[in-house]
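Enquirer: Generate a structure from the sequence data that follows.
(2 chains)
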Amino acid sequence: MPEIRNFTLNFGPAHPAAHGVLRLVLEMDGEMIVRADPHIGLLHRGTEKLVESKPYNQSIGYMDRLDYVSMMCNEHGYVLAIEKLLGIEVPIRAQYIRTMFDEITRILNHLLWIAGHSLDVGAMTMFLYAFREREDLMDAYEAVSGARLHATYYRPGGVNRDLPDSMPQYEKTRWRDEAEVKRQNANRQGSLLDFLEDFTNRFPSKVDEYETLLTDNRIWKQRLVGVGVVSPERALQMGFTGPMLRGSGIEWDLRKKQPYAAYSQVDFDIPVGTNGDSYDRYLVRIEEFRQSNRIIKQCIDWLRHHPGPVRSGNHKVTPPKRADMKHDMEALIHHFKLMTEGYCLPAGEAYAAIEHPKGEFACYLISDGANKPYRLKIRAPGFAHLSGMNEMARGHMLSDVVAIIGSQDIVFGEVDR
Amino acid sequence: MEFISSLWYAVPETLRIVIVILLQIVAVVIPLILTVAYTTYAERKVIGFMQGRMGPNRVGPRGLLQPFADTVKLLLKEVIIPTKSDRYLFLLAPILALAPAFSAWVVIPFSENMVLADINAGLLFILALSSLGVYGIIIAGWASNSKYSMLSAMRIGAQMVSYEIAMGFALGGVLIASNSLNLNDIVRAQSGSIFSWFAWPLFGLFIVYFISGVAETNRAPFDVAEGESEIVAGFHVEYSGIAFALFFLAEYANMIMISALTSIMFLGGWLSPFQGLDFLINIPVIGLFFGNGIHWLALKIAFFLLLYLWFRATFPRYRYDQIMRLGWKVLIPVTFVWIFFEIIAVALGWQPWL
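Expert: Numbers count the residues shown, from 1 in each chain, chains lettered A, B, ... in the order given. The predicted structure follows:
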């Protein structure tokens, strides 16, 4: 008698739906998943170790590259841990700028999530719609930091610089004539805040557009409802956070529970799912689009009327103004010390967590009093989510695995670190 | 002139027939291949427009030469044959997929007298050939010796067999209504006015047929056999260069085929929608446009192709078991019910089947 064996399929690492470098070893009975075994580490860059050999400020850029679709949120987690240990005050304007950019980042992340998720499920138009909006937010990143992705904008003690008064403009090319360029630059004439305000006015209708394409689409619902169900108890046990946890019906959001930056000053709601399936997680994230938009609007409003410093005046940590260095000896010394040695943190440890678009992102920092961390442990939300893969995928079909990966919103930069 | 005609009649008669048939085949296949080429271009442009981007615009004016650039690229690429594949079947498969897709065109009536083989059993011929198409794909999936291809071959085997049934029943309805298997007769049975097209009395079958047609050609939202994000590219994951191009050609030829068949069976093929409105048709010059002719078939085909592209831009992909459910539990029962009532109508001699 022939021996009947399960079919083992190596899903990834070079698979279109692997979201980077996920390698899943799938044991399948026909199309049915018996066991899904995620293999990680293909994008391991040793961030935690690299950080140990550099002054604190020089590692901010590494944080961008963890979850490379929600850059500034990662920075926020790291910067917060340093500030906690240093015990310095961050100016209120910087707090608001951080809040605003955290929410911009959340929209950026969720846009990429919906793009990838719907492309995995087969709705390719969503992909380009999402990228259309991403482009504008990327420009906001560029305006404020000069880089579209890896901003390195947050600093311990504030942010690198104040919001700019002008936006980068499109230029005429062989493929874009004068009229087209003019149209594209129409909403870029004012400051960054004007540009963002225009975006926040426009964005809710775009979310409606996504929803008309997906939310009530029969095929979309058939593909997501009841797929990858996680009960609230299991979600807690497996350490799920963010939309993965809220999708299961647990109202847990660090922005409300342990407010940081300016979150206690702004008004927003936390969407919560009921069934814990992929469709609920989809709805939760769609609602987060709207809530983030709401927060950004409030921040823009506040920032318009409250000019002020965006960096702490403590020049042991933040560099002094260039103009001051020309006449002030102390400023020059501070600058020299900061740019060569950096600053030393008091010995001790700090855990700072933020509500990252994917869940609870946290940095656990141990300092021995030197100018670089003794140890940095990064808590990446995606790691816990990925470990739930086997449980979520078991008993589903191959196509559902793809939908589940999409609904987990995995990014390997942070899982592998 | 005399010289040419005397030369022509000097050729033995059998050879003359062969030459004429070959020329006719060329006259069908070359436009078909060109249509396929520009369908790919149209697909990229139309979907590009729907997605708010430009589509190809670099090769030639407005990217019009893009299909040729693609063809040249595919022709020049190396055909890689996987080491552990069955190399003969591997190379046979694309041919097996392409041949039925092309040969079904012989029975398509392009206009009143433009049909390569005006055979009586045209409808059966079409059904037979469209069933054959699945072999190419199953063999490709199996011969590649890849797990992704294998899964795809299994999926497509089940899918095509299931949808063939719904399709066959839908065509059965057309057969009952037109009382003929000859495609030209089916078109003629719909003449009169736009309201004598079978799309109206057979509306359910019309919808079922087109949906099954989309499933039959593995296009979105039924493209589980290719399923980019699930099984990478399915049965042609191991194919490259011209071997891949043949599958591509077959897929698009099938798409055009299904569009042509839907127009012929349900929308009166080459019949003009302005039939019966003689004052329009009698206008000099412009009247030619309003009269019957190949251009109406072309327009109808273009319309269904647009629907194909529109579906692709709009819908997410079905899951494999959901496709099966749709086929067996929705489409087939609809055709049953519709044909049942159609038979009653025919038996009682109701319009429009008198």
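
Enquirer: what mean pLDDT does the helix ranked longest in chain A have?
Expert: Counting by DSSP state H, the longest helix found in chain A is helix A:92-121. In this model, helix A:92-121 carries a mean pLDDT of 91.

Enquirer: Excluding sequence neighbours, find me the nearest residue to A:Met244.
Expert: Using Cβ to Cβ, 6 or more residues apart in numbering or on different chains and skipping the chain neighbours, the partner closest in space to A:Met244 is A:His385 (5.4 Å). For the C-beta atoms, the positions are set from N, CA and C on the backbone; glycine is no exception.

Enquirer: Can you give me the buried ones in the strand or helix carrying A:Val284?
Expert: A:Val284 is part of helix A:278-305, with elements assigned from DSSP states H and E. Under the neighbour-count criterion of 16 or more other Cβ atoms under 10 Å in any protein chain shown, helix A:278-305 has A:278-300, A:302-303 buried.

Enquirer: Next, the angle helix A:92-121 makes with that helix.
Expert: Computed by axes from the mean of the first three to the mean of the last three Cα atoms, to 10 degrees, the angle separating helix A:278-305 from helix A:92-121 equals 150 degrees.

Enquirer: Would you tell me what the next helix or strand after helix A:278-305 is?
Expert: Next in sequence after helix A:278-305, counting helices and strands by DSSP H and E, comes helix A:322-325.

Enquirer: Dump that following helix to CSV, keeping only the CA atoms.
Expert: Output in CSV follows, covering the C-alpha atoms of helix A:322-325 (Å, rounded to 0.1, in the frame of the first residue of the first chain):
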residue,chain,number,x,y,z
ARG,A,322,24.8,77.3,15.1
ALA,A,323,24.6,81.1,15.6
ASP,A,324,25.3,80.7,19.3
MET,A,325,28.4,78.8,18.6
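
Enquirer: What are the buried residues along it?
Expert: Of the residues in helix A:322-325, A:Met325 count as buried by neighbour count, 16+ other Cβ under 10 Å.

Enquirer: Same question for stretch A:44-62.
Expert: A:Thr47, A:Glu48, A:Val51, A:Lys54, A:Pro55, A:Tyr56, A:Asn57, A:Ser59, A:Ile60, A:Tyr62.

Enquirer: Please put the alpha-carbon coordinates of it into PDB.
Expert: Taking Å, rounded to 0.1, in the frame of the first residue of the first chain, the C-alpha atoms of stretch A:44-62 are listed here in PDB:
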ATOM      1  CA  HIS A  44      18.600  39.800  10.600                       C
ATOM      2  CA  ARG A  45      21.000  42.800  10.700                       C
ATOM      3  CA  GLY A  46      21.900  42.700  14.300                       C
ATOM      4  CA  THR A  47      20.400  46.100  15.100                       C
ATOM      5  CA  GLU A  48      20.400  45.400  18.900                       C
ATOM      6  CA  LYS A  49      24.100  44.600  18.800                       C
ATOM      7  CA  LEU A  50      25.000  47.400  16.400                       C
ATOM      8  CA  VAL A  51      23.400  49.900  18.800                       C
ATOM      9  CA  GLU A  52      25.800  48.800  21.500                       C
ATOM     10  CA  SER A  53      28.800  50.200  19.700                       C
ATOM     11  CA  LYS A  54      27.500  53.700  18.800                       C
ATOM     12  CA  PRO A  55      26.700  56.900  20.700                       C
ATOM     13  CA  TYR A  56      22.900  57.100  21.400                       C
ATOM     14  CA  ASN A  57      22.100  59.600  18.700                       C
ATOM     15  CA  GLN A  58      23.800  57.700  15.900                       C
ATOM     16  CA  SER A  59      21.400  54.700  16.400                       C
ATOM     17  CA  ILE A  60      18.300  56.700  15.600                       C
ATOM     18  CA  GLY A  61      18.700  55.800  12.000                       C
ATOM     19  CA  TYR A  62      18.800  52.100  12.800                       C
END
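
Enquirer: Show me where the chain dips below the pLDDT cut-off.
Expert: Looking at chain A here, since you left the chain open. A:1-2 (pLDDT under 70).

Enquirer: sorry, should have said chain B
Expert: Across chain B (using pLDDT under 70), the flagged ranges come out as B:351-354.

Enquirer: For chain A, what is the nearest residue in it?
Expert: Proximity of chain B to chain A (Cβ to the nearest Cβ) peaks at B:Arg317, 2.7 Å away.

Enquirer: picking that back up, redo the buried residues of stretch A:44-62 as JSON lines? Include distance to B:Ala250.
Expert: JSON lines is the format used below for these (distance: Cβ to Cβ, whole Å):
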{"residue": "A:Thr47", "distance to B:Ala250": "49"}
{"residue": "A:Glu48", "distance to B:Ala250": "52"}
{"residue": "A:Val51", "distance to B:Ala250": "55"}
{"residue": "A:Lys54", "distance to B:Ala250": "57"}
{"residue": "A:Pro55", "distance to B:Ala250": "62"}
{"residue": "A:Tyr56", "distance to B:Ala250": "61"}
{"residue": "A:Asn57", "distance to B:Ala250": "59"}
{"residue": "A:Ser59", "distance to B:Ala250": "55"}
{"residue": "A:Ile60", "distance to B:Ala250": "54"}
{"residue": "A:Tyr62", "distance to B:Ala250": "50"}
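
Enquirer: biggest separation within those, which pair?
Expert: Greatest spacing in the buried residues of stretch A:44-62, by Cβ to Cβ: A:Glu48 and A:Asn57 (17.0 Å).

Enquirer: could you pull out the strands for chain A?
Expert: For chain A, the strands defined by DSSP state E cover A:7-11, A:23-29, A:32-39, A:154-155, A:158-159, A:348-356, A:359-367, A:375-379.

Enquirer: Pipe the ones you listed into TSV and attach mean neighbour count per row.
Expert: Converted to TSV, these look like this (neighbours: other Cβ atoms under 10 Å in any protein chain shown):
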stretch	mean neighbour count
strand A:7-11	18
strand A:23-29	18
strand A:32-39	18
strand A:154-155	26
strand A:158-159	26
strand A:348-356	20
strand A:359-367	23
strand A:375-379	19
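
Enquirer: can you list the residues of the stretch 101-250 of chain A near chain B?
Expert: A:118-125, A:128-129, A:132, A:175, A:213-214, A:217, A:219-220, A:222-223 (Cβ under 8 Å from any Cβ of the partner chain).

Enquirer: mind running it again at 6 Å?
Expert: For the stretch 101-250 of chain A, the residues in contact with chain B (Cβ under 6 Å from any Cβ of the partner chain) are A:Asp120, A:Val121, A:Gly122, A:Ala123, A:Thr125, A:Leu128, A:Arg132, A:Ile219, A:Trp220, A:Gln222, A:Arg223.

Enquirer: What's the ChimeraX syntax to select whichever of those are buried?
Expert: The buried residues among these can be selected in ChimeraX (16+ other Cβ under 10 Å) with this line:
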select /A:120,121,122,123,125,128,219,220,222,223
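
Enquirer: Understood, closing this out.
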